[in-house]
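**Q** no sequence on this one, just coordinates:
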């Protein structure tokens, strides 16, 4: 759930956006959203502070269920990022897109966006911590608990410097959140969940129920645990309670807390999490009460972003009520939906180059207006073509070269020519590293010729310009 990540963003941004972070720390969520919008309309923040305040505002709007406003804010942020540096465009816009995709329950795309920052060693360490934590949460949704735990541990390993030490508790909380989900899916009552099997492969990475509760309680009790994170840890602790009444009490308390503070944007996710915990404790009537607001018509459920989990919960409830035919039908749909998620993740990975750099590029292209995305795809698919040019791309798209240049610069922070150069250099470097890793030898110009560069001076110039670009 994104509450832990919102608390991390608040902690990371800190004094760069005091008007919002103070309100968030006081759990005044709606007030933070209203204040952020007013300040944005008045242009009350400037420079780097405007960048961070706008990014935080977009995250808050997602959490309170105002997705369209959040999308507008993220779109406006591109100009703010471009005013600071081109690297800022890449890093911050990737995080914004990741937040949006995760919120829309598109975890494969979200994971690609998180990875852009998490894997970039030039990115500021605090941004990489947030990206690694976000990646862990998206991988969990994809049913990849081992990879999710690896990403969370990576975030923790980045928290050993003065600039990231304050984020250590959040990285630990994300790891515990993943382990809490693993613990739920390990119980006998949920062992038929489509994503239960991967949890069996964790081995020593798992914590016992008692050890998990103890670590959750210790982190919750720490003096410097922010209020947002405290609420999330308190809920996770309650969901691990051994008795059904204790879990019901925790679910009811968290539901009241979400309503009180206006977290409409994560109501569905919270209901599913709570329903699974109640089913694991065999509290079926309480589980039914929690999930039924999400159970519309059959078509509505199929279209719901949480369709797979809704179908699973309803299947278990129907089974307990003796409606075996309906239970089996819903369970089959649950499995089919889960397999679609797995297939989407596999397709995302299949698009990657041997060096693993291409997966996020498809998502980078999504930042362009729909009309120009075809130009991006054409570039990526024709990097090997020595005659690839901006004029050719503009002609195929039916726009002027100037319009194409402006679209790429405004939304990606680089021109089409710069994108071509950067992606060719990345692929050349990837092939060279792969050959080196296997003990082979190859001339760089030979590799470059496979990526549209057949001239030594052009190759040298491409590397110089690529390394000089900030």
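**A** On my side now, so go ahead. Computed from a predicted model, the values in this text were never measured in an experiment.
**Q** Which secondary structure element of the protein has the lowest mean pLDDT?
**A** Of all regular secondary-structure elements in the chain, judged by mean pLDDT, DSSP states H and E, the least confident is helix 359-365 with a mean of 53.
**Q** Go through the helix or strand immediately after that helix in the chain and flag the buried ones.
**A** Using DSSP states H and E, the helix or strand that follows helix 359-365 towards the C-terminus is helix 370-381. Residues of helix 370-381 classed as buried under the neighbour-count rule (16 or more other Cβ atoms under 10 Å) are 372-373, 375-376, 378-380. All C-beta atoms are positioned from the backbone trio N, CA, C, and that covers glycine.
**Q** What helices and strands are in contact with helix 370-381?
**A** In terms of contacts (3 or more Cβ pairs under 8 Å, 6 or more residues apart in numbering; DSSP states H and E), helix 370-381 is packed against helix 359-365, helix 390-397, helix 401-412, helix 416-437.
**Q** and those helices, which one's lowest on average pLDDT?
**A** Between the helices and strands packed on helix 370-381, the lowest average pLDDT goes to helix 359-365, which shows a mean of 53.
**Q** Find the helix or strand that residue 170 is a member of.
**A** Assigned by DSSP H and E, residue 170 belongs to helix 168-186.
**Q** which outside residues touch the helix or strand just after that helix?
**A** Downstream of helix 168-186, the first helix or strand assigned by DSSP H and E is helix 209-221. The list of residues contacting helix 209-221 from outside it, by Cβ atoms under 8 Å, 6 or more residues apart in numbering, reads 169, 172-173, 176, 179-180, 183, 207, 225, 230, 233-234, 236-237, 240, 242.
**Q** distance of residue 52 from residue 169?
**A** For residue 52, the distance to residue 169 (Cβ to Cβ, to the nearest Å) stands at 20 Å.
**Q** tell me the secondary structure for residue 414?
**A** Reducing the assignment at residue 414 to three states with DSSP: H, G, I helix; E, B strand; the rest coil gives coil.
**Q** Surely it is in contact with residue 423?
**A** No: with contact taken as Cβ atoms under 8 Å, residue 414 and residue 423 are classed as non-touching, separated by 10.3 Å.
**Q** Which residue ranges of the stretch 251-400 of the chain form helices?
**A** Secondary structure of the stretch 251-400 of the chain by DSSP state H, counting those that start in this stretch: the helices cover 267-280, 284-291, 298-303, 307-320, 324-350, 359-365, 370-381, 390-397.
**Q** Low-confidence regions, the protein specifically.
**A** Within the chain, the stretches falling below the threshold (pLDDT under 70) are 44-49, 201, 203-204, 343-363, 434-442, 466-470.
**Q** For residue 448, give me its contacts.
**A** 424, 428, 454, 459.
**Q** now swap in residue 92 and tell me
**A** Under the criterion of Cβ under 8 Å, 6+ apart, the neighbours of residue 92 are 51, 55, 77, 81, 127.
**Q** Tell me, how many residues neighbour the fourth one?
**A** By the measure other Cβ atoms under 10 Å, the count of residues near residue 81 is 22.
**Q** helices or strands next to the strand or helix carrying it in the packing?
**A** Under the criterion DSSP H and E, the helix or strand holding residue 81 is helix 67-84. If you count contacts as 3+ Cβ pairs under 8 Å, 6+ apart, helix 67-84 packs onto helix 29-42, helix 47-63, helix 86-103, helix 401-412.
**Q** ok, now with 7 Å
**A** Contact partners of helix 67-84 among helices and strands, from 3 or more Cβ pairs under 7 Å, 6 or more residues apart in numbering; DSSP states H and E: helix 47-63, helix 86-103.
**Q** List the buried residues in the first one.
**A** Neighbour-count burial for helix 47-63, with 16+ other Cβ under 10 Å as criterion, is recorded at 49-63.
**Q** what angle separates that helix from helix 86-103?
**A** With axes from the mean of the first three to the mean of the last three Cα atoms, to 10 degrees applied, the angle from helix 47-63 to helix 86-103 works out at 10 degrees.
**Q** And the contacts of helix 47-63?
**A** Counting by Cβ atoms under 7 Å, 6 or more residues apart in numbering, helix 47-63 makes contact with 2, 6, 9-10, 13, 16-17, 20, 29, 32-33, 36, 39-40, 45, 69-70, 73-74, 76-77, 80-81, 84, 88, 92, 96, 99, 103, 263, 265-266, all of which sit outside it.
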